[in-house]
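>>> based on what follows, work out the 3D shape:
(4 chains)
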2 protein chains.
Amino acid sequence: MSRQPTLKQLRYLCAVAEHGHFGHAARACHVSQSTLSAGILELESTLGTPLVERSHRQVLLTTLGADVVRRGRDILRDVEDLVTLCDAASEPFAGKMRLGVIPTVAPFILPRLLNRLREQHPGFQLFIREDLSQHLVDALHHGELDVLLLALPFPADSVETMNLFSDEFLLASPPGHGLAGNGKVRTEQLKGEGLLLLEDGHCLREHALEACKLRGSDVSVPYQATSLNTIVQMVANGIGITLLPRMAVDAQILSGTNVCVSEFTGRNVSRTIGLMWRRKTPRRAELRLLGEFVQGCHTE
Amino acid sequence: MSRQPTLKQLRYLCAVAEHGHFGHAARACHVSQSTLSAGILELESTLGTPLVERSHRQVLLTTLGADVVRRGRDILRDVEDLVTLCDAASEPFAGKMRLGVIPTVAPFILPRLLNRLREQHPGFQLFIREDLSQHLVDALHHGELDVLLLALPFPADSVETMNLFSDEFLLASPPGHGLAGNGKVRTEQLKGEGLLLLEDGHCLREHALEACKLRGSDVSVPYQATSLNTIVQMVANGIGITLLPRMAVDAQILSGTNVCVSEFTGRNVSRTIGLMWRRKTPRRAELRLLGEFVQGCHTE
DNA sequence: TCCAACGATCGCTTTTGTCGATCAAACTTA
DNA sequence: TAAGTTTGATCGACAAAAGCGATCGTTGGA
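Residues are numbered from 1 along each chain as shown, chains lettered A, B, ... in the order given. Take a look at the predicted model:
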C-alpha cells in the first residue's frame, strides 16, 4: 500500500493555488520555500500525478490539481470544524450529553429541567432515555449513556453517585378510607392494608418498601401497573392505597381525582434522588454542575 | 495558533473506536501499542479534550469522542476518494480535460469526436469551449483550457503544436456563376470575384487568403457573417462566392442548397488542423494520444 | 548577453515518530 | 489476601522526517 497524502501537504497545495507563487505560499504557511516545494513534490509523488504546472511567470494548476485543491479545501475545512467542535465542547453545558432517567422521576422533573437548560444553556443538547434503573445502569456501562438520574442507592460497579435531594413518600388513599385525611400516619399502620405498588423492576417499589420497613408479602401487586398514573387511578377507584413520591404529588399527579394524601410521622420515609456516572468519565466536573443544576430545579 | 490534528491520529482514533482495544487497534494500524497510545494522547492534547475513556475491561468513547470519530471517518473517506480520483486520472482518457475549438472546426468534427470518445472512453470528461483562436490561446495560457483544436499556424508563445491533418479549401459558388461546375479552378481566378469571408478574428479568413495568395483588398467582407452557415446562405442567394473547408462540405453544410463546389488545381490550397498545448503541460503524452484520436475521427 | 525571478535540490540540524521494555492500575484467580 | 493477567501509559534510544539556508538550473526580460 502506498503512502497517504497529509493534511500539511494539502495545505501547501491550497496555498499555492491561492497565491499562484511558491514563495508567497510558503510565507503564508510560515515555512521556507524549500520546505513547501518539497511538500508539493511529495504530494505529487504520493498521488502519482502532477498537480502544478511550473512556469517562471506563473504557477498554474493541472486540471486534476484544481480538483485536488477543491477537495482539499473541503477536507481542511472539515478538519477545522472538528477542532472547533471540540473547542466549543470543552466548556461545560456546551456539547451533547445522554441522560438516563427512571420512569418514576422523569415526568416530574424533566419538564422544568429541560426548560431551564434550554433557557440558560442554549448550546447544550441533552438526550433523554427513560427506562428501569437496571437497564439504565447497563446502558451507562456500555457507554450508551453519560449519566443517570435515578433513586439511590442502586447497586452498580465502577460508578460514582451524587445525592441531590430527598424525596418524601406520601400515603395516597381514597376519601372514605380509614387512613385518609386523619393527619399524620405511621408506617406500621400500612400492614395488611393492600398496598398498591408498581410491578417488579421499578426501584420505587423496593425503595418504598424499605422506607416503610415492609416486606413484599405486605403488598398486593396490581395487574400490570406500569406507571404511577395508573396506580393513582386505581386508588381513586377504591381498589387500595399506595405510596407516592412527593415530587409526583407536587407535579399535580392527583389533579382531577379525589385521592387524599397524608404525610408519615416519625422516621424519615423517603427515597434519595441522585446522579450516577462511570467512575472514569472525563466529564465529572461538568456532571457535578449538572447535579447542582437539577437541585436548583427541584428546590426553587 | 495551536497544532492541528493529523490524519494519522484520526486513523488511530477510528481504529480504537472500531476495536474497542488499544492493542488490537494498533495491530490493525500496523504500529506498536505504544505508538498508537501516544498518537491518541497527542490527539486529545491537540483537541484539548478527552476522547476515549480508558478502563481495563473496555475502551469507551466520550460523547465528543464519538462525534470526532464520526467526522473523522468522513474526512478519511474524503482523502481516500481524493487518492482514488488521482489514481483513475493518471491513466489517459480517464479524467477531465478542457478543450478549446475554433468555430470553423467545431461543428464539423466535434459530433463524431464526442460520440467516439463517449463510446471508447466512457470515463473521460471533455469540456468544450468554442471561441476565436486568439481568445483560446489566451485561455490556454491562463490555465483555463488544457488543449486547443485549431488551424495552424497560429502565433503563440510557450506552446507546442501537433499537426493532425490538412483541410482543403473548396470554392463554393451559386449555380449560375462563371466559376461554378467547371471542374477544377485556379486560385488566380478568384481575384475580383467578390469573395465572401468571415469577419475579422476568424483565422479561417487569414488562412484562406494565404492559401490562395490573396490580400484582404480582394475580399468583400459580408455584413456580420459570424458563421459559415450564414456565408453559405449568402452564396446560395447569389451574393457572391466563398471558400469552404472540405470538412464543412463533408459535414453536409451545403445540404438543402443548390451551391456548387469546385476543387482547386495546382498548388495545395488548404489549412492545417492541429492541437496546441502549453509547452509545460504535464499531460503531453495524453494530449498526443488525443491528437491521434482526432486524426482517427477525421480519416475514417 | 547579462540579470532577475523562480522553483528544485543539496547538506545539515532539529524535530518527530517509532519501537521494545517497563510501569502502574485494575480486575481475576487461587 | 496475594499472586497473576490484562491493559494503557511511559521511558530511553534510535531512526526517520521535516525544516532551513544556501545554491543550482532554467526561463524571460532588459
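>>> contacting residues for the closest residue to residue A:211 other than its chain neighbours?
Distances taken as Cβ to Cβ, 6 or more residues apart in numbering or on different chains place residue A:269 nearest to residue A:211, at 4.7 Å, with adjacent residues excluded. C-beta here means a position set from N, CA and C on the backbone, and glycine is covered the same way. By Cβ atoms under 8 Å, 6 or more residues apart in numbering or on different chains, residue A:269 lies in contact with A:168-169, A:187, A:211-212.
>>> for chain A, which spans come out with low pLDDT?
A:1-2, A:56-57, A:178-183, A:220-224 (pLDDT under 70).
>>> show me where it has its helices.
With helices called from DSSP state H, chain A shows them at A:7-19, A:22-28, A:33-47, A:63-89, A:106-120, A:133-141, A:203-211, A:228-236, A:246-250, A:284-299.
>>> now render these as TSV, adding distance to residue B:290 and mean neighbour count.
Formatted as TSV, those follow (distance: least, Cβ to Cβ, whole Å; neighbours: other Cβ atoms under 10 Å in any protein chain shown):
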stretch	distance to residue B:290	mean neighbour count
helix A:7-19	25	21
helix A:22-28	30	18
helix A:33-47	22	18
helix A:63-89	13	18
helix A:106-120	62	16
helix A:133-141	61	19
helix A:203-211	76	20
helix A:228-236	77	19
helix A:246-250	78	18
helix A:284-299	62	17
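>>> turn those into a markdown table, columns for distance to residue B:25.
Listed next are these as a markdown table, based on distance: least, Cβ to Cβ, whole Å:
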| stretch | distance to residue B:25 |
| --- | --- |
| helix A:7-19 | 21 |
| helix A:22-28 | 36 |
| helix A:33-47 | 24 |
| helix A:63-89 | 19 |
| helix A:106-120 | 35 |
| helix A:133-141 | 21 |
| helix A:203-211 | 38 |
| helix A:228-236 | 46 |
| helix A:246-250 | 45 |
| helix A:284-299 | 26 |
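>>> is any residue of the longest strand anywhere in chain A near DNA strand C?
Criterion DSSP state E: the longest strand present in chain A is strand A:159-173. No - contact of strand A:159-173 with DNA strand C (Cβ under 7 Å from any atom of the strand) is absent, the minimum separation being 10.4 Å.
>>> what packs against that strand?
Here strand A:159-173 touches strand A:147-152, helix A:228-236, strand A:241-245, helix A:246-250, strand A:260-262, strand A:270-278, helix A:284-299, going by 3 or more Cβ pairs under 8 Å, 6 or more residues apart in numbering or on different chains; DSSP states H and E.
>>> the longest one packs against which elements?
Right, helix A:284-299. By 3+ Cβ pairs under 8 Å, 6+ apart, helix A:284-299 packs against helix A:106-120, strand A:147-152, strand A:159-173, strand A:270-278.
>>> what angle separates the last one from helix A:284-299?
Strand A:270-278 runs at 160 degrees relative to helix A:284-299, counting by axes from the mean of the first three to the mean of the last three Cα atoms, to 10 degrees.
>>> and the shortest one, by the same measure?
Direction vectors for strand A:147-152 and helix A:284-299, defined by the same axes, to 10 degrees, enclose an angle of 50 degrees.
>>> strands paired with strand A:147-152, and their directions?
strand A:96-101 (parallel), strand A:270-278 (antiparallel) (DSSP bridges).
>>> contacts for stretch A:78-96, please.
Residues contacting stretch A:78-96 (Cβ under 8 Å, 6+ apart): A:7, A:117, A:120-121, A:123-127, A:285-286, A:289-290, B:4-5, B:46-49, B:63-64, B:67-68, B:71-72, B:74-75, B:78.
>>> quick check, distance from it to the centre of its chain.
Remark: stretch A:78-96 is offset 17 Å from the chain centroid, using Cα atoms, centre = their mean, to the nearest Å.
>>> any idea how far DNA strand D is from residue A:12?
Residue A:12 is 8 Å from DNA strand D, where distance means Cβ to the nearest atom of the strand, to the nearest Å.
>>> isn't that residue right next to residue A:40, touching?
Yes - if you go by Cβ atoms under 8 Å, residue A:12 and residue A:40 touch, sitting 5.6 Å apart.
>>> now the helices and strands packed on strand A:159-173 as CSV including distance to DNA strand D?
Shown next, in CSV, are those (distance: least, Cβ to the nearest atom of the strand, whole Å):
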stretch, distance to DNA strand D
strand A:147-152, 22
helix A:228-236, 42
strand A:241-245, 39
helix A:246-250, 40
strand A:260-262, 48
strand A:270-278, 15
helix A:284-299, 17
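>>> out of those, which comes closest to residue B:248?
Closest approach to residue B:248 among the helices and strands packed on strand A:159-173 is made by helix A:284-299 (76.6 Å; Cβ to Cβ).
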